[in-house]
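Engineer: got a structure for you, letters missing:
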């Protein structure tokens, strides 16, 4: 579940869901998934929400600060913790795959709460979040091409929520008997009942509240976008999102608690002070670096895959749209068949790249409308082998090499290149075969494409006005994209698949395909 | 006593953990990624080469020789890396040139020539859309420019041509001359070197030619030893 909930508690995230959604749309071969985060925040309903949370924040602040005893708390420590929190706010770790960001700030804030109490914690949290947001806004405003709509609203809401949740969590800590370790010291303090358990309870309260406000904000902006800002509509959306995100984030968030505890413990232990933060800071920044590299790596891989697909389309424009549809269909089929996670992870790529070896087949053969000679047929039969060869050079694509190699095998053993039978070929290859065949039969290959074409694909030569583009370009000799027959309807396609069960297609896959189609139809993506 | 021992052990472990995590993230992983990048580019190059069996392994050899020249010229490592990547990617635009033009034995018509020459623009536009390769776009765009301004696509001359493009252009020609193609027979390496030497200051940058001559003599290159440069 690709929830792109950012660590809101931790402060500023990247600009907003809107920007990343735009990036996905710009990518021609974007993998489907990833719901957008907060967007369309400049609505009036959202303003009302912001102002009411602002009032709650003022009350929470008053309560927390009036309960705080500042005696004996070194000002420099609070200041230093705020600066460190701010620094960590500005150096977040971006998790690969979804755009979630993690910062050290919650650990520091909770460490401070355990050391000096909730009042001190809220000062650090708000100081870091507010300054961080302002700097973030400045940076983002300076960056050209970034969507800034609603950014300020988003940031202020975010800071307000951080304030409220920290107050609530901190007060929970205090109410459950949490002590201020920085003042009481380690001697004679029962760490379990007076630090650890209140800390766990406090973080759970804070996170649940935080996720609630996040869900509420999303629900409000969602509802506003759908022009339905009734209380019921908002409440329904918020509740669903809240429950979902609590289950998704609570376990990993509670992991922060031990670190906060260690931070507080080491700060006091033998007067170690800020040096005690090193065992937390160093691994964190290593983690940051590692994840940064891994993210870059994954991006580069994705880009490589996209480029390969682009190359294929440049080479043979007929494949435009076909590859992505095959990829999407294959992924849905793999999910329908509940294949193992690794298969589900890679089958989309396999669907996209299964025909890359066709780059090695001359386009006259690919586009030939008459019967192929034996020699030409031999060349065609080599394309899965070539696809597999090309992809085998990419280590991370190792799992898909056999899937790609065998996507033209038939269950009766009459396919190519190896004549494998049902049960010998990977199920993923059978899936791609079905998706490929179905889309080839039904795909909306624009029939008018060939007729209405008024220039050569290769050299951009234009025929004299009023005359149609001939089949072969007189300027460079490139053959035009073949005009294909009228595509079948999905029902006709399915009956063709049925017809080919036991000879061409795997019965298991075809059954799953029919089940999926009757339930969901062609799918939401096209 | 026991508590102190425990804390000492914990701190020792934490220290080692810190060192290991630093090593992994700043030394081990970057190296591994460098290899991964190179593989990705090699794959892209192969995909295009698959089209034209006579050029298989060509990109690898060009890259290898271009890198040696770049090193000889004393370019900084980051630039050398760019030379390598650009050399691998330089013909990626050929994906949109039809087979029958690429493998044609007779002389190309004007229209066909335009299609072939367009591969540098195609290549640059493909590469510029890939963030991690975008810096190579300029090098790829100009790798068929000539020192005297007689090349394409923009007819740049002399220092206007990026240095990396000058290097790659020369090596590309050398490689093409010394290997068998549908449209010409291979010449010997010595002959090719002589040709390039004579064309210094006309087709090629004299400085690059000089570096090339001092490097090329020591390298077993050519179509008969495709593996030699892969190592």
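Structural biologist: That came in fine, so what should we check first? Quantities reported herein were computed from a predicted structural model and do not represent experimental measurements.

Engineer: element containing residue A:416, please.
Structural biologist: Counting by DSSP states H and E, there is no helix or strand that carries residue A:416.

Engineer: contacting residues around it?
Structural biologist: Neighbour list for residue A:416: A:381, A:384, A:408-409 [criterion: Cβ atoms under 8 Å, 6 or more residues apart in numbering or on different chains]. Backbone N, C-alpha and C define where each C-beta goes, glycine included.

Engineer: which pLDDT value goes with it?
Structural biologist: Here the pLDDT value assigned to residue A:416 is 86.

Engineer: from residue A:500, how far out is it?
Structural biologist: For residue A:416, the distance to residue A:500 equals 16 Å [Cβ to Cβ, to the nearest Å].

Engineer: and what of residue A:344?
Structural biologist: To residue A:500, residue A:344 is 25 Å away according to Cβ to Cβ.

Engineer: the contacts of residue A:416 into CSV, with extra columns for pLDDT and distance to chain B?
Structural biologist: Formatted as CSV, the contacts of residue A:416 follow (pLDDT from 0 to 100; distance: Cβ to the nearest Cβ, whole Å):
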residue, pLDDT, distance to chain B
A:381, 88, 15
A:384, 92, 13
A:408, 92, 17
A:409, 92, 21
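
Engineer: out of these, which are inside helices?
Structural biologist: Counting by DSSP state H, the contacts of residue A:416 place A:381, A:384 in helices.

Engineer: and the contacts of residue A:416, which of them are buried?
Structural biologist: A:384, A:408-409 (16 or more other Cβ atoms under 10 Å in any protein chain shown).

Engineer: closest one to residue B:44 out of the residues you listed, please.
Structural biologist: Nearest to residue B:44 among the buried ones among the contacts of residue A:416 is residue A:384, at 19.3 Å by Cβ to Cβ.

Engineer: wait, doesn't the closest one sit right on residue A:402?
Structural biologist: No: counting by Cβ atoms under 8 Å, residue A:384 does not reach residue A:402; the two are 10.2 Å apart.

Engineer: would CSV of the buried ones among the contacts of residue A:416 with distance to residue A:465 be doable?
Structural biologist: Formatted as CSV, those follow (distance: Cβ to Cβ, whole Å):
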residue, distance to residue A:465
A:384, 44
A:408, 44
A:409, 50
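
Engineer: distance of residue A:418 from chain B?
Structural biologist: Distance of residue A:418 to chain B, computed by Cβ to the nearest Cβ, to the nearest Å: 20 Å.

Engineer: could you do residue A:414 as well?
Structural biologist: Residue A:414 is 26 Å from chain B, by Cβ to the nearest Cβ.

Engineer: so what's that residue up against?
Structural biologist: residue A:503.

Engineer: am I right that it sits in a helix?
Structural biologist: No: according to DSSP: H, G, I helix; E, B strand; the rest coil, residue A:414 belongs to no helix; its state is coil.

Engineer: any idea how far it lies from residue A:500?
Structural biologist: Plainly put, residue A:414 is 12 Å away from residue A:500 if you go by Cβ to Cβ.

Engineer: between the two, what contacts are shared?
Structural biologist: With Cβ under 8 Å, 6+ apart, residue A:414 and residue A:500 have no common neighbours.

Engineer: now the helix or strand harbouring residue B:62: buried residues?
Structural biologist: In this assignment (DSSP H and E), residue B:62 forms part of helix B:58-72. By neighbour count with 16+ other Cβ under 10 Å, helix B:58-72 contains the buried residues B:58-70, B:72.

Engineer: which residue is nearest the centroid of chain B?
Structural biologist: The centre of chain B sits closest to residue B:87, judged by Cα atoms, centre = their mean, with a distance of 1.4 Å.

Engineer: tell me the contacts of that residue?
Structural biologist: Going by Cβ under 8 Å, 6+ apart, residue B:87 touches B:59, B:62-63, B:66-67, B:168, B:171.

Engineer: mind running it again at 10 Å?
Structural biologist: Neighbour list for residue B:87: B:41, B:45, B:59-67, B:70, B:136, B:139-140, B:143, B:164, B:167-168, B:171-172, B:175 [criterion: Cβ atoms under 10 Å, 6 or more residues apart in numbering or on different chains].

Engineer: which ones among those also lie next to chain A?
Structural biologist: B:41, B:45 (Cβ under 10 Å from any Cβ of the partner chain).

Engineer: sketch out the low-pLDDT regions of chain B for me.
Structural biologist: Residue ranges of chain B with pLDDT under 70: B:1-4, B:6-7, B:10-11, B:52-56, B:182-183, B:217-231.

Engineer: and the helices in it, which stretches?
Structural biologist: B:2-23, B:29-49, B:58-72, B:77-89, B:99-102, B:110-117, B:119-128, B:137-141, B:163-178, B:189-198, B:206-216.

Engineer: I'd like those as CSV, with distance to residue A:428 appended.
Structural biologist: Output for the helices of chain B, formatted as CSV (distance: least, Cβ to Cβ, whole Å):
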stretch, distance to residue A:428
helix B:2-23, 36
helix B:29-49, 20
helix B:58-72, 30
helix B:77-89, 30
helix B:99-102, 30
helix B:110-117, 38
helix B:119-128, 28
helix B:137-141, 35
helix B:163-178, 39
helix B:189-198, 47
helix B:206-216, 46
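
Engineer: to residue A:302, which of those lies closest?
Structural biologist: Using Cβ to Cβ, these put helix B:29-49 closest to residue A:302, at 10.4 Å.

Engineer: check which helices and strands that closest one sits against.
Structural biologist: Secondary-structure packing of helix B:29-49 (3 or more Cβ pairs under 10 Å, 6 or more residues apart in numbering or on different chains; DSSP states H and E): helix A:278-315, helix A:383-392, helix B:58-72, helix B:77-89, helix B:119-128.

Engineer: quick check: phi and psi at whatever residue of the stretch 101-250 of chain A ends up closest to chain B.
Structural biologist: Proximity of the stretch 101-250 of chain A to chain B (Cβ to the nearest Cβ) peaks at residue A:186, 10.1 Å away. Dihedral pair for residue A:186: phi -80, psi -30, per degrees, to the nearest 10.

Engineer: hang on, isn't it packed against residue A:268?
Structural biologist: Yes: taking contacts as Cβ atoms under 10 Å, residue A:186 lies within contact range of residue A:268: 5.6 Å.

Engineer: more neighbours: the two, which one.
Structural biologist: Higher neighbour count among residue A:186 and residue A:268: residue A:268, with 20 against 13, using other Cβ atoms under 10 Å in any protein chain shown.

Engineer: separation between the more buried one and residue A:81?
Structural biologist: Counting by Cβ to Cβ - residue A:268 and residue A:81 are separated by 14 Å.

Engineer: which residues are in contact with each of those two?
Structural biologist: Listed as contacting both residue A:268 and residue A:81 by Cβ under 10 Å, 6+ apart are residue A:115.

Engineer: for the closest residue to the residue nearest to the centre of chain B other than its chain neighbours, give me its contacts.
Structural biologist: Excluding the flanking residues, the one nearest residue B:87 by Cβ to Cβ, 6 or more residues apart in numbering or on different chains is residue B:63, at 3.8 Å. Neighbouring residues of residue B:63 by Cβ under 10 Å, 6+ apart: B:38, B:41-42, B:45, B:83-90, B:168, B:171, B:229-230.

Engineer: how about residue B:165?
Structural biologist: Residues near residue B:165 by Cβ under 10 Å, 6+ apart: B:83, B:86, B:90, B:120, B:138-145, B:151, B:156, B:172, B:205.

Engineer: go on, residue A:69?
Structural biologist: Applying Cβ under 10 Å, 6+ apart to residue A:69 gives the contacts A:116-117, A:119, A:180, A:183.

Engineer: give me the secondary structure label for it.
Structural biologist: Using three-state DSSP, the structure places residue A:69 in coil.
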